[in-house]
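Novice: Structure for this input, please:
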Amino acid sequence: MLDAEQLNKYVNALLSKSEEAYLMAIEIINKPTINYRTEGFCFFICNAWELLLKAYLINKANDINVINYKDGSNRTIGLDECVEKVFTSTTDKTKNNITLIRNIRNKATHLILPDFDYTLAPAFQRCLTNYNKFFKKQFPNFKLNNKITPYIALVNPGNNQDISSLILNPANLLLLEKVKQELGSDDTLTQTLRLVSTKKESEADIKYTIVKDGGQPVQTINVPKDIEKTHPYTTNQIIKKISETIELSLGPNHGFTSNKFQDICKRKNIKTNQDYCYQFPYYNTKINKYSDLAIEYISEVYIEEYKNK
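Specialist: Numbering: from 1, shown residues only. Next up is the predicted model:
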C-alpha cells in the first residue's frame with residue numbers, strides 16, 4: 001500500500017508519460033513526410049488516453065489497486081476497461097470518439113490501410129480536444145500544452161481524389177461510415193489560415209509587390225461572400241467557442257465571461273471590423289454574427305492579458 005506522497009508521485013509519473021505519448025501523436029500526425037501517420041497517431045493517442053484515465057482512477061480512488069486485475073497477476077487494466085470505468089454513459093461523445101480511434105488503431109495494426117489521413121483528421125482533432133478538456137479539468141495544476149499548440153496542421157492536398165478509389169478492402173467502408181456518423185453528430189471543427197506580412201524573404205511563402213505612383217494600378221476584386229458561412233456564430237455561440245478555446249491553454253478556471261467578451265469587443269473595435277463581426281440590420285437594431293477569426297483573435301487577446309495580470 002502506497003502512502004499519499006508515493007501515490008502522488010505515481011500519478012504524476014502517469015501524467016508525464018501520458019503527455020509524452022500525446023506529444024508524439026501530435027508530432028507524427030503533423031509530419032507530411034511520414035507515411036505511417038494514421039497508425040502512429042492512433043497508437044500514441046490511445047496510449048496517452050489509457051495513462052491519463054489510469055491516473056484519474058487512482059487519484060479518485062486514492063488507491064493504486066483500482067487499475068489492477070484482481071487475479072493476482074500484477075497486470076493492469078487496458079484502455080477499454082479504463083474507458084468503461086470513467087465514461088459510464090453509452091452516449092458520451094468522448095467515450096464514442098475514443099472507441100472510434102481505438103477501432104482505427106486495431107484495424108491499422110493488423111491491416112494495411114490506404115491514406116486516410118485527411119479524411120480522419122477531424123476525428124483525430126476531436127480526440128485531441130477531448131483529451132485536453134479532460135486533462136485540464138481533472139488535473140488543472142499540470143502544465144499541459146506549455147510549449148505547443150494542440151492542433152492538427154494537415155491540409156488537404158487538393159487533388160480532389162475520390163477517397164473510395166483508395167479503398168483496397170471493402171470492410172474499410174464501414175470504418176469511414178462510422179467516422180462520418182461521429183463527425184455528423186458532433187460540433188464542426190474549423191481551421192483559420194492567417195497570412196502575415198514579413199520583410200524577410202527567407203521567411204516568406206508568398207511574394208507580393210506594392211505598386212507605387214506611376215506603376216501599374218492595383219485593381220480590387222470583390223468576391224461575393226456567404227455571410228452565414230463566414231460569420232456563423234451568434235453572441236452566445238461565440239462566447240461558448242472562445243471559452244472552449246481558452247480552456248485548452250488556461251484550464252477550466254479561466255474566468256472568461258460574457259462581460260469579458262463585451263469588454264474586449266469594445267476595446268479592440270471588434271464589432272466595427274467585418275473580418276470579425278458582421279452586423280445584420282433588423283428593424284431598429286442590428287444583429288451581430290461573428291467569424292472563426294474572431295474566436296482566434298479574442299482568445300489570443302484574453303490569454304495574453306490573463307498571463308500578464
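
Novice: Where does pLDDT dip in the stretch 1-150 of the chain?
Specialist: Low-confidence segments of the stretch 1-150 of the chain, defined by pLDDT under 70: 1, 72-73, 108-118, 147.

Novice: how about residue 23, what does it touch?
Specialist: residue 148 (CB atoms under 8 Å, 6 or more residues apart in numbering). C-betas here are computed from N, CA, C, even on glycine.

Novice: Against residue 29, how distant is it?
Specialist: According to CB to CB, to the nearest Å, residue 23 and residue 29 sit 11 Å apart.

Novice: Next, find the distance separating the spatially most central residue of the chain from residue 231.
Specialist: Within the chain, one residue has its C-alpha closest to the average C-alpha position: by CA atoms, centre = their mean, that is residue 129, at 3.8 Å. Distance of residue 129 to residue 231, given as CB to CB: 22 Å.

Novice: Output the contacting helices and strands for the strand or helix carrying residue 123.
Specialist: In this structure, residue 123 is located in helix 117-138 according to DSSP states H and E. Contacts of helix 117-138 with other secondary structure elements, assessed using 3 or more CB pairs under 8 Å, 6 or more residues apart in numbering; DSSP states H and E, are made with helix 4-29, helix 37-61, helix 93-110, helix 172-184, helix 235-250.

Novice: With distance to residue 139 added, can I get these in a markdown table?
Specialist: A markdown table is the format used below for the helices and strands packed on helix 117-138 (distance: least, CB to CB, whole Å):
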| stretch | distance to residue 139 |
| --- | --- |
| helix 4-29 | 6 |
| helix 37-61 | 7 |
| helix 93-110 | 16 |
| helix 172-184 | 26 |
| helix 235-250 | 13 |
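
Novice: Those: which one's closest to residue 140?
Specialist: helix 235-250 (9.3 Å; CB to CB).

Novice: got the contact list for the closest one?
Specialist: Residues beyond helix 235-250 that count as contacts (CB under 8 Å, 6+ apart) turn out to be 129, 132-133, 136, 145, 150, 233, 254, 256, 258, 261, 288, 290, 294-296, 298-299, 302-303, 306.
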